[in-house]
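Q: Dropping a prediction and its sequence here:
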Amino acid sequence: MKIREKDFIEIEFTGRTKEGRIFDSNVKEELEKLNAGHEHPIEAKPFVFCVGQEMFLKTLDDFLVGKEIGKDYEIELSPENSFGKRRPEFIQRIPSRIFKEKGVNPFPGVSFNFDGRIGKILAVSGGRIIVDFNHPLAGKNVIYKIKILKKIDNLNEKVKALNEFFFKRDLKFEIKEKKIIFKVEKPFAKLVGLFKDKFKEILGLDIEIKRVKEEKGNEEAKKEKKEKTVKTKEKIE
């Protein structure tokens, strides 16, 4: 069976530089190498996505169209087709006072989030910090190994895959009469609404949003219960 655009598929993949350094994977054995020495290891889990919707690297998305379910593939990508060329203008000098205001001590090799842009400290010199905003893999040829495990036909699994991609969260929902009914807390309802057209385009289903009471964390719930108990005792006394 060949893959077509808008098919949902599950794959195993590993991305490595041409020199052999693994930078991304969802294969347990490969992740053990990638996680070595890291404080927050990445968990191996299934990767399900919709082909042709740029839920994967676009070049790989295009590459997978027409490929066979159950087969293994390998593709080498140039910088232009993966993470881009290195651009000198992305290396910038930032005043050290910016870091002091945030209470951060910059030193070479550390990466920081600058208003949504990830930059790596290259050098610290007096009142100026040199920061590289190029992607860490910019300028490198990369190789992806991909095993296409299966095609996903279950509608609930498709919705879950889109939820993971768009919201990074396992939202509660049900599918009824050609509609996806999301049950979300008030602060999250607006965000879900922004993706109505995308769900319609991919799955052909409309979205209905039902607001539910925000679930309290365990500590907050315990505190509230304790306060209620104290108030009850006061009334009895």
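A: Yep, that arrived.

Q: now the end-to-end length of stretch 95-111.
A: 16 Å (Cα to Cα, to the nearest Å).

Q: which other residues reach it?
A: Applying Cβ atoms under 8 Å, 6 or more residues apart in numbering, the set of residues contacting stretch 95-111 from outside is 112, 118-124, 126-129. In this view, the C-beta of every residue, glycine as well, is placed from N, C-alpha and C.

Q: 10 Å instead?
A: 94, 112, 114, 118-132, 136 (Cβ atoms under 10 Å, 6 or more residues apart in numbering).

Q: pLDDT of it, averaged?
A: Per-residue pLDDT values over stretch 95-111 give a mean of 88.

Q: Tell me which residues of that stretch come out buried.
A: 99, 106 (16 or more other Cβ atoms under 10 Å).

Q: do the same with stretch 183-191
A: Per 16+ other Cβ under 10 Å, stretch 183-191 contains these buried residues: 184, 188.

Q: about what we covered before: and the contacts of stretch 95-111, which of them are in strands?
A: 94, 112, 114, 118-125, 128-132 (DSSP state E).

Q: so what's residue 14 up against?
A: By Cβ under 10 Å, 6+ apart, the neighbours of residue 14 are 22-27, 29-31, 33-34, 74, 143-147.

Q: So which of those residues belong to helices?
A: 29-31, 33-34 (DSSP state H).

Q: Kindly write the PyMOL command that selects the buried subset of these.
A: Only the buried members of these enter the following PyMOL selection, criterion being 16+ other Cβ under 10 Å:
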select buried, resi 30+31+34
